Every structure is written in structure tokens, then in C-alpha cells.
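Chemist: what's the 3D shape of this:
(3 chains)
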Amino acid sequence: MKRQILKADFFNRPVLRIAPDLLGKFLVRKKGRREIAVMITEVEAYDGTEDKACHASKGRTPRTEVMFGPAGYFYIYLCYGMYWMLNVVTGPKGYPAAVLIRGIIPNLRTSDVRRLNGPGKVTKELKIDKRFNALPARPDTGLWFEDRGVMVEEKNSKKTPRIGVSYAGPVWSKKKYRFVLLGESTKKRT
DNA sequence: ACGATGATGAAC
DNA sequence: TTCATCATCGTA
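Modeler: Below you'll find the model as predicted:
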């Protein structure tokens, strides 16, 4: 099976290009000997200081600092006091943007193609917390992304408004910055 | 429909 | 230092 680790250059692009590209890619978590790979099925883009839904719209703060840094680093924060949100920072450098990982399929190998919908469930499943904040997405940190040959055509995904961002106002809350993989229909690349 | 639960940023 | 808010989720 082809396994291509997504490098910094993958993330050093506009966030609205990267977010749909992450559908069908794999998030890999290594804990001790165990290596868990899950397929990404749902993401959201948060795009710069203009985007009122993006935390960086408040400006540069201790929390949002990592989003202003280089692409390919994790931005992780606690939401509602109990759920860790996993984001990966995107480029270009100095421009604060990130992709929130909202949904996965934990295991494709078995016939159990159960989906895990919800960013809090993703981090719970993979045992991700603030320890990963500001760390790069690389195997040596224990958390990274891979292309494993799953091809996602535009027909197989949809764009919708983001979840839980009504506070962002009528313009930004309606932007279709959420990308969802439809069904279980995926195809292997040759 | 609602409460759990704590970091965050802004106001004072 | 206090306060409202929150990129959610399980239970009802």
C-alpha cells in the first residue's frame, strides 16, 4: 500500500485549497508501538483575521500565536471545558489559518465503516490533547498525515456552512467552509 | 432541550 | 479579578 507522508509544503498553500484536499487523507497516531490510522471525512477551514469565525480574527494572542506561525503545525485548544479541537495550521507563513478535523472513519480494514462525526470525538479516539499544540505534523511527534491512495472526486464531497459559528455574523457564518466526504464511496488510485 | 466544565480574552 | 463566551456532546 502506498503511504506518502504529507510534508510542510502540502500545508503551505491557501487553506481553502487544503481543506478539501484533506478528505480521504489519513491521520496517523503513534502511541508506543501502536499505530492508528484513520481516514478524514469532515473538515472546516478557518481563514485569516478577516474571517470572524476564525480565532485569529481577535488578533495575535497567546492562544492563536501558532496559527501565525509556519504551516504544518498543530493548533489545539479546549472547547466547552472538555473537548480538544485538532487543527492543522496552513500557509502562507505569517497568515493565520487552519483546518479543523471534524470527522473520521476509525478503521477501513474491517467491514465496520462506522463514522465518527464531531471534532471532540476525533481527539478522544486518538488520545490527542494540548500536548500536541504547536508541534509539527511529523512521525517523530506521534501525529501526522498520510496520503494512502484514496482518491476523492469533487462529486464525492460537499460544501456546507461551518458548525457552531453563528457568533461570526451573517456573512462569515454562511461561508461554505465545511467539507464533508459523502457516503463510503472511495476509490483506490492505481 | 440542556447542563457539564475550564480556558480564553475583554472589561473593569 | 471577574465575567461572558465558547469551532461540543451525551443524556433526556
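Chemist: tell me who's in contact with the residue of chain A found nearest DNA strand B.
Modeler: Across chain A, no residue is closer to DNA strand B than residue A:81, which sits at 2.5 Å (C-beta to the nearest atom of the strand). For every residue, glycine as well, the C-beta is placed using N, CA and C. Remark: with contacts taken as C-beta atoms under 8 Å, 6 or more residues apart in numbering, residue A:81 is in contact with nothing.
Chemist: three-state assignment of it?
Modeler: Judged by DSSP: H, G, I helix; E, B strand; the rest coil, the three-state class of residue A:81 is coil.
Chemist: what's the weakest-modelled helix or strand in chain A?
Modeler: Taking mean pLDDT, DSSP states H and E as the measure, the helices and strands of chain A show their lowest mean at strand A:187-188, namely a mean of 43.
Chemist: quick check: closest non-adjacent residue to the residue positioned nearest the centre of chain A.
Modeler: Using C-alpha atoms, centre = their mean, the residue of chain A that lies closest to the mean C-alpha position is residue A:101, 3.1 Å off. Closest residue in space to residue A:101, ignoring its immediate chain neighbours: residue A:86 at 4.8 Å, by C-beta to C-beta, 6 or more residues apart in numbering.
Chemist: first-to-last residue distance for stretch A:130-139?
Modeler: The first and last residues of stretch A:130-139 sit 17 Å apart, counting by C-alpha to C-alpha, to the nearest Å.
Chemist: can that stretch be found next to DNA strand C?
Modeler: No: under the criterion of C-beta under 7 Å from any atom of the strand, stretch A:130-139 makes no contact with DNA strand C; the nearest approach is 12.3 Å.
Chemist: identify the residues contacting that stretch?
Modeler: Identification of contacts with stretch A:130-139 by C-beta under 8 Å, 6+ apart yields A:5-6, A:8, A:11, A:28, A:30, A:65-66, A:69, A:72-78, A:84, A:86, A:88, A:141-145.
Chemist: could you pull up the mean pLDDT of it?
Modeler: Stretch A:130-139 carries an average pLDDT of 98.
Chemist: just stretch A:3-18 next, same as before
Modeler: Mean per-residue pLDDT for stretch A:3-18: 97.
Chemist: is it up against DNA strand C anywhere?
Modeler: No: between stretch A:3-18 and DNA strand C, judged by C-beta under 7 Å from any atom of the strand, nothing touches; the nearest distance is 10.2 Å.
Chemist: same question, stretch A:93-104
Modeler: Yes: Stretch A:93-104 reaches DNA strand C (C-beta under 7 Å from any atom of the strand) through A:98, A:100.
Chemist: would you put the C-alpha positions of that stretch in CSV?
Modeler: The C-alpha coordinates for stretch A:93-104 follow below in CSV (Å, rounded to 0.1, in the frame of the first residue of the first chain):
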residue,chain,number,x,y,z
LYS,A,93,3.6,31.8,6.5
GLY,A,94,2.5,34.7,8.7
TYR,A,95,-1.1,34.3,7.5
PRO,A,96,-3.2,32.8,10.3
ALA,A,97,-5.4,30.0,9.0
ALA,A,98,-6.1,26.4,10.0
VAL,A,99,-8.1,23.3,9.2
LEU,A,100,-10.3,21.8,11.9
ILE,A,101,-10.5,18.0,11.7
ARG,A,102,-14.2,17.2,12.4
GLY,A,103,-14.8,13.7,11.3
ILE,A,104,-13.0,10.4,10.7
